[in-house]
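Q: Return a 3D structure for these sequence lines:
(one chain, ligands or ions: 1)
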Amino acid sequence: MSYTNILIEQNEGILEITINRPNKLNAINKETIKEIGEAMVKAEANREVVAIVLTGSGEKAFVAGADISEFAHFNIEDGNRLAAEGQNILFDIVANLNKPVIAAVNGFALGGGLELAMACHVRIASENARMGLPEVSLGVIPGYGGTQRLGQLAGKGKAMEMILTAGMIDAAEAYRIGLVNMVVTQDELLNTCRKMAGKMMHNSPMAMAAAIRSVNAGFKAGVNGFDVEIDEFGKCFGTPEFVEGTTAFLEKRKANFREL
Ligand code: COA
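A: Below is the predicted model:
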């Protein structure tokens, strides 16, 4: 499949998706949202992909937000549809993907860009990264999960502060409040993400998928995460990957999940 706004590269089990609209600071328009979502769905179905790294092209921006020029003239219905569709075809897909997704935040991650990074399972930022949810300065609010996920990652007080001031924070502050997992130099960013993905490659894809579902369950209204964990834990015991993992340990060898 060929894409207009994203670049795809696969090395071993790691798929790299680069959002490629550098002249617009990688702002995600409708087509780009659709393309990233499609690439994620395809990656989920591809047994050769174990982990995904998502980044922006150039050295200035991860994603500077949703493309403002596309929604400036929208009415209430259009606005509703924009948020619902975006959450359906991209943001929720990323958050619930059955493979780990690491955001390599290489510069501005604003509005929809920060929301996209927050939908990923792990975020690693470069030192020059700047993050914020500036929507209220445009007369709107975050619509791709930002009002929910920022509080989950950084706490309600910080979420309120960042959303209500519409201000930006730097990478060091993002690390301090738990919004990103790690900060490295711009030069080291992709390799650090690849290294982390490489560690994940040794683990059972089935168990990682079960772990993602269980962790996510704790953040879903009306769902008892502990019950989901018990169910997912039990199901692991019926899989070849559990047999391989435990047998390999007892035989003092490395498990080989990818050949199963
Ligand atoms: N939507 C559409 N276009 C965007 C964009 C967005 N979210 N963010 C940046 N761009 C475009 C600019 O319009 C400009 O395009 P042009 O050269 O055709 O005029 C280009 O990207 C470069 O941006 P520019 O503003 O010139 O860069 P800068 O270094 O002066 O400023 C930012 C960088 C990130 C501070 C600034 O671009 C900005 O505030 N962007 C909007 C952030 C935002 O509000 N995001 C939330 C949207 S909900």
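Q: Lys99: helix or strand, and which one exactly?
A: Using DSSP states H and E, Lys99 sits in no helix or strand.
Q: if I pick it, what's in contact with it?
A: By CB atoms under 8 Å, 6 or more residues apart in numbering, Lys99 lies in contact with 43-44, 49-52, 205, 208-209. The way it works is simple: take the backbone N, C-alpha and C, and place the C-beta from them, glycine included.
Q: Quick one, grab the pLDDT at it.
A: We have a pLDDT of 98 for Lys99.
Q: mind checking how far it is from Glu259?
A: 18 Å (CB to CB, to the nearest Å).
Q: residue contacts, Lys254?
A: 202, 248.
Q: what residues does this protein put near the ligand?
A: Neighbours of the ligand within the chain, by CB under 6 Å from any ligand atom: 24-25, 27, 64-69, 108, 110-112, 134-135.
Q: hang on, the earlier thing: any chance of the contacts of Lys99 in a markdown table with pLDDT, secondary structure and neighbour count as columns?
A: Formatted as a markdown table, the contacts of Lys99 follow (pLDDT from 0 to 100; DSSP: H, G, I helix; E, B strand; the rest coil; neighbours: other CB atoms under 10 Å):
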| residue | pLDDT | secondary structure | neighbour count |
| --- | --- | --- | --- |
| Ala43 | 98 | helix | 21 |
| Glu44 | 97 | helix | 16 |
| Val49 | 97 | coil | 17 |
| Val50 | 96 | coil | 23 |
| Ala51 | 98 | strand | 27 |
| Ile52 | 98 | strand | 26 |
| Pro205 | 97 | helix | 21 |
| Met208 | 98 | helix | 19 |
| Ala209 | 98 | helix | 17 |
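Q: measure Gln148 to Asp92 for me?
A: 11 Å.
Q: about what we covered before: now list the buried members of the residues of the chain next to the ligand.
A: Buried residues within those, counting neighbours by 16 or more other CB atoms under 10 Å: 24-25, 27, 64-67, 108, 110-112, 134-135.
Q: Which members of those residues occur in strands, if any?
A: 108, 110 (DSSP state E).
Q: For the stretch 1-150 of the chain, which segments count as strands?
A: 6-11, 14-19, 51-56, 61-63, 101-105, 108-110, 122-126, 130-132 (DSSP state E, counting those that start in this stretch).
Q: Including distance to Pro142, could these go into JSON lines?
A: Converted to JSON lines, those look like this (distance: least, CB to CB, whole Å):
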{"stretch": "strand 6-11", "distance to Pro142": "22"}
{"stretch": "strand 14-19", "distance to Pro142": "18"}
{"stretch": "strand 51-56", "distance to Pro142": "19"}
{"stretch": "strand 61-63", "distance to Pro142": "13"}
{"stretch": "strand 101-105", "distance to Pro142": "16"}
{"stretch": "strand 108-110", "distance to Pro142": "10"}
{"stretch": "strand 122-126", "distance to Pro142": "16"}
{"stretch": "strand 130-132", "distance to Pro142": "10"}
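Q: returning to what we had before: from the contacts of Lys99, which single one is nearest Glu85?
A: Comparing the contacts of Lys99 against Glu85 with CB to CB places Glu44 closest, at 19.0 Å.
Q: ok, that closest one - contacts?
A: Neighbours of Glu44 in contact, by CB under 8 Å, 6+ apart: 97-99.
Q: Having no further points to raise, I will conclude here.
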